[in-house]
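S.K.: only the shape, not the letters, is given here:
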């Protein structure tokens, strides 16, 4: 596609529910990132993939958060047993290679846990 | 760890006014520095970047100079337009072997009135 696509755009989950957020990166982009953006804050790094390999997951806040990119293209961020503090916008970004190349961001998924 | 601090907002200006949004950073080594912009309803977009000290990034009339001595990367524009209304994020990417992981500031909301 023309850009990074994320779905759903909005998700309301009851506390304790599991959610899955999808990211379709730009075709051919090797690098894929997930960020979490709380209201009024800047994005914070969650995890990084190079193709299908998850090379950095240091930003995942707890073991309830899990990300995968099994075929090196589409990625899914899964949050188990959602809690209110998980409410945020989840951003996906992709780039053609590593450092110093432009990262292209999706519009994000706004997750609200009630 | 690495961090980015932006001037507190929001910033409200009249059309054709001069804009400065301050950004300072803390990082080891020699990071690359970025300004991203988020227009209403859209994803983050790269506005400009600088990869080494004294470099000046520029785009769409915006400029920022990488000042290592003051660890700053202030964003400036000589004459803002209503269409510049958006949220602006300063960010850094660590130097050395980097795969593109970004650390963002908290963002500055800019509103330009006719």
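M.R.: Structure's in. What do you need? Keep in mind it's a predicted model, so treat the numbers as computed, not measured.
S.K.: so what's the residue nearest to the spatial centre of chain B up against?
M.R.: What sits nearest the mean C-alpha location of chain B, by C-alpha atoms, centre = their mean, is residue B:35, with 3.2 Å. Residue B:35 makes contact with B:23, B:46-49, B:57, B:62, B:64, B:73, B:75, B:88-91 under the criterion C-beta atoms under 8 Å, 6 or more residues apart in numbering or on different chains. Every C-beta, even on glycine, is put in place using the N, C-alpha and C of the backbone.
S.K.: ditto for residue A:110
M.R.: Per C-beta under 8 Å, 6+ apart, neighbours of residue A:110: A:9-11, A:88-89.
S.K.: how far off centre is the helix or strand hosting it?
M.R.: Using DSSP states H and E, residue A:110 maps to strand A:109-113. Strand A:109-113 sits 12 Å away from the centroid of its parent chain (C-alpha atoms, centre = their mean, to the nearest Å).
S.K.: could you do stretch B:61-69 as well?
M.R.: Distance, stretch centre to chain centre, for stretch B:61-69: 9 Å (C-alpha atoms, centre = their mean).
S.K.: in it, what's buried?
M.R.: Buried residues in stretch B:61-69, counted by 16 or more other C-beta atoms under 10 Å in any protein chain shown: B:62-66.
S.K.: kindly indicate which of the residues you listed lies nearest chain A.
M.R.: If you rank these by distance to chain A using C-beta to the nearest C-beta, residue B:66 comes first, at 13.3 Å.
S.K.: just checking: what are the partner strands of the strand holding residue A:110?
M.R.: According to DSSP bridges, strand A:109-113 forms sheet pairs with strand A:10-13 (parallel), strand A:88-95 (antiparallel).
S.K.: if I look at the residue lying closest to residue B:78 once chain neighbours are set aside, what pLDDT would I see?
M.R.: Nearest in space to residue B:78, with sequence neighbours left out and distances taken as C-beta to C-beta, 6 or more residues apart in numbering or on different chains, is residue B:18 at 5.9 Å. Here the pLDDT value assigned to residue B:18 is 98.
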